[in-house]
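Visitor: the following block contains a protein sequence and its predicted model.
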2 protein chains.
Amino acid sequence: MDRDASPVMMTLDAVIIAVSNDQPRVLVVERDGQPPALPSGALDTAHDATLELGMRRLIRDQTGLEVGYAEQLYTFGDRDRGAVDGNERHLSVAYLALVRETAPALEARWMDVYELLPWEDTRQDDGTARAAGLRTDLERWAGRDRARRERIALAFGPPWDGIRVLERYELLYGSGLVAEAGAEHLDAPGRPMAFDHRRITATALGRIRGKLTYRPVVFELLPETFRLLDLQHTVEALAGVKLHKQNFRRLVERSGLVEGTGERTAGTTGRPAELFRYRPSVQLERPRPGVGVPYRGARDVSDGRHGQ
Amino acid sequence: MDRDASPVMMTLDAVIIAVSNDQPRVLVVERDGQPPALPSGALDTAHDATLELGMRRLIRDQTGLEVGYAEQLYTFGDRDRGAVDGNERHLSVAYLALVRETAPALEARWMDVYELLPWEDTRQDDGTARAAGLRTDLERWAGRDRARRERIALAFGPPWDGIRVLERYELLYGSGLVAEAGAEHLDAPGRPMAFDHRRITATALGRIRGKLTYRPVVFELLPETFRLLDLQHTVEALAGVKLHKQNFRRLVERSGLVEGTGERTAGTTGRPAELFRYRPSVQLERPRPGVGVPYRGARDVSDGRHGQ
DNA sequence: GGGGATAATGCTCGGGGGGAGCATTAGTCA
DNA sequence: TGACTAATGCTCCCCCCGAGCATTATCCCC
């Protein structure tokens, strides 16, 4: 092996996501007064055959959780992150894992994702109310800088693109509006995390939102059987958007993603619902099975542009 | 900084893609009789502020190229890759870069992507002719193994999903049909590359194909002005699929991705065409601007399933 | 037993987008 | 002038999807 290589220090970070009570949650560890951090640790270079296996072992050790779905998220390696000592470079390879929420053991706990990134939840106040305030602050920061204004327009819309979570966070970071950036505002939006972990979480949320639309990943977060409304709420929680109930049903039923079990719920308020289960064989039938999330604000555009 | 970390060796690998003559090409370096390899090198931990900057510097040094668009692709870190000496772990952080093809300096040269992954080009012989042969071999390998047969069905369709490039390559690798896996068939499909570089290239092609549909990345590969047919051919080259000309025009024109320049081509065979240019402000108007590639085989499904 | 309240479910209307193909136009080249 | 090659215009038609209206099935409370 004659390739050049540099010695670096590496860490595995895990963004473990669950949805419960219509809220996406992320598993964090909190140590004595420190801001919450993602579960993370070293690769066991001698025993972990792959990065993913190392990550699974690490999650097991630290949280007692056995994760199902997992994918590599991103590798972070900016100079200003990690090690402060000397010029040793610190790399973090982050993974995204999806689980059904269970009580985590050890020192881990579940935390609302939208407590960290509140502007990403646009389900209530049917506008971008929360984001609107931020936007004003951002525009003050941008001043007349063209490039900055364009980045803001792209990240915050209209049209709002749910997928651009990272771009929005980085703008807030870059403009000093967020606590990690040294902002001392008491009203800095969202709770900070240790290191660059909030950025990693933002990356994860963006990834999930994207994947949702073309891979059946939601089902990793749901129990074996569920009502269509549960499915809808889970999607809404992740996408941060409200959906039209009847159309969602139609979409899901026609897509072949699920099949009815014949059983129905009982004892709940309202008419009892049928229980459904995921039908893995969709993947063999249609090219990119997923739950389409309409682009919020897409109509704003077409109204002005295509309506001519 | 009290986080655990492990010392590893890291390398940056670059998949630099261009399209010319309706063929996607990847930049490779060839040293005395060795199989072609991706440009790669060490991060300069003292000077490169970010991984991406390090990668740009490295490409400049090794190939004389100044790349525009670049994004992180994936981090490879299996134990069996890289360093053979001892149990030192070797990590590779791969980047994808898109450029307009120019004569590369130094020892680099452009190589057809489909020379490496021939089964990914389904533009001719309007079927999956080339892939069909492979599929037969794969099924022989799978035998009665359910999981294997399912992986094959998922990767090779129908319906064929252009995006699953990596899954297809890994099946071929896993089944020993490909030269890197030690296959000594003289007819092992596709030219091998050094190390795991063909796998990295496969990852890159899949990524591009996916991105194409929701981000205006094609334009990184085209000259300032171009005919709609050039645009179409570039998309077809990357997607490995033929498109319907009139519909493609309609799609592109309606999307607002391009604007006419008023100029027209001259001296070519056929009616002269108008020249177009990319209109970056689409990004401020529509949520996910890209050139939709229809799923090949999608109709096979809907015929059987929705046609009832 | 009746009147909400809450969901589930059925169904319809109307516009847009996209697949397929026919027809016409405008150059180049024998 | 006729053949050839592209560019461009336009049409048909079906499916998808956004938006609502309407009806049904339970639970809860009086």
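Guide: Great, that's in hand. Numbers count the residues shown, from 1 in each chain, chains lettered A, B, ... in the order given.
Visitor: okay, CA-based contacts and neighbour counts for the rest of this
Guide: OK.
Visitor: the closest residue to A:Thr203 other than its chain neighbours: how many residues sit nearby?
Guide: Spatial nearest neighbour of A:Thr203, chain neighbours left out: A:Leu166 (5.3 Å); criterion: CA to CA, 6 or more residues apart in numbering or on different chains. If you count neighbours by other CA atoms under 10 Å in any protein chain shown, A:Leu166 ends up with 20.
Visitor: mind listing what A:Glu167 touches?
Guide: Contacts here follow CA atoms under 8 Å, 6 or more residues apart in numbering or on different chains; on that basis A:Glu167 touches A:Ala155.
Visitor: so it is in which element?
Guide: For A:Glu167, the host element (DSSP states H and E) is helix A:165-174.
Visitor: tell me the buried residues in that helix?
Guide: By neighbour count on 16 or more other CA atoms under 10 Å in any protein chain shown, the buried set for helix A:165-174 is A:165-169, A:171-173.
Visitor: in a markdown table, list those along with distance to DNA strand D.
Guide: Shown next, in a markdown table, are those (distance: CA to the nearest atom of the strand, whole Å):
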| residue | distance to DNA strand D |
| --- | --- |
| A:Val165 | 21 |
| A:Leu166 | 24 |
| A:Glu167 | 24 |
| A:Arg168 | 24 |
| A:Tyr169 | 26 |
| A:Leu171 | 28 |
| A:Leu172 | 30 |
| A:Tyr173 | 32 |
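Visitor: make JSON lines out of the residues you listed and add distance to DNA strand C and pLDDT.
Guide: Formatted as JSON lines, the buried residues of helix A:165-174 follow (distance: CA to the nearest atom of the strand, whole Å; pLDDT from 0 to 100):
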{"residue": "A:Val165", "distance to DNA strand C": "25", "pLDDT": "95"}
{"residue": "A:Leu166", "distance to DNA strand C": "26", "pLDDT": "97"}
{"residue": "A:Glu167", "distance to DNA strand C": "26", "pLDDT": "95"}
{"residue": "A:Arg168", "distance to DNA strand C": "27", "pLDDT": "95"}
{"residue": "A:Tyr169", "distance to DNA strand C": "30", "pLDDT": "95"}
{"residue": "A:Leu171", "distance to DNA strand C": "30", "pLDDT": "94"}
{"residue": "A:Leu172", "distance to DNA strand C": "33", "pLDDT": "93"}
{"residue": "A:Tyr173", "distance to DNA strand C": "35", "pLDDT": "92"}
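Visitor: hmm, A:Arg286 is touching B:Pro159, no?
Guide: Yes - counting by CA atoms under 8 Å, B:Pro159 is a contact partner of A:Arg286 at 6.5 Å.
Visitor: more neighbours, these two?
Guide: A:Arg286 (25 against 22).
Visitor: check the more buried one and give its pLDDT.
Guide: pLDDT recorded at A:Arg286 is 84.
Visitor: what pLDDT, on average, does the helix or strand where A:Leu12 lies get?
Guide: Assigned by DSSP H and E, A:Leu12 belongs to strand A:6-20. For strand A:6-20, the mean pLDDT works out to 94.
Visitor: list the buried residues of that strand.
Guide: Of the residues in strand A:6-20, A:6-20 count as buried by neighbour count, 16+ other CA under 10 Å.
Visitor: can you list the domains in chain A?
Guide: Domain assignment for chain A, taken from automatic domain parsing, gives A:9-112, A:118-189, A:217-285.
Visitor: how far out from the middle of the chain is stretch A:91-100?
Guide: Here stretch A:91-100 is found 11 Å from its chain centre; the criterion is CA atoms, centre = their mean, to the nearest Å.
Visitor: just the CA trace of that stretch, in PDB.
Guide: Written as PDB, here are the backbone C-alpha positions of stretch A:91-100 (Å, rounded to 0.1, in the frame of the first residue of the first chain):
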ATOM      1  CA  LEU A  91     -12.500  13.100  12.600                       C
ATOM      2  CA  SER A  92     -16.000  12.100  13.500                       C
ATOM      3  CA  VAL A  93     -17.900   9.500  11.400                       C
ATOM      4  CA  ALA A  94     -21.600  10.000  12.200                       C
ATOM      5  CA  TYR A  95     -24.300   7.300  11.700                       C
ATOM      6  CA  LEU A  96     -28.000   7.600  11.700                       C
ATOM      7  CA  ALA A  97     -30.100   4.900  13.300                       C
ATOM      8  CA  LEU A  98     -33.800   4.500  13.500                       C
ATOM      9  CA  VAL A  99     -35.500   2.600  16.400                       C
ATOM     10  CA  ARG A 100     -38.900   2.100  18.000                       C
END
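Visitor: returning to what we had before: most neighbours per residue, which of the domains of chain A?
Guide: domain A:9-112 (a mean of 19; mean count of other CA atoms under 10 Å in any protein chain shown).
Visitor: do me a favour and get the end-to-end distance for it?
Guide: Between the opening and closing residues of domain A:9-112 lies a distance of 30 Å (CA to CA, to the nearest Å).
Visitor: hmm, it touching chain B?
Guide: Yes - Domain A:9-112 comes into contact with chain B (CA under 8 Å from any CA of the partner chain), by way of A:9-11, A:40-46, A:48-51, A:72, A:74-75, A:77-80, A:82-84, A:87-89, A:93.
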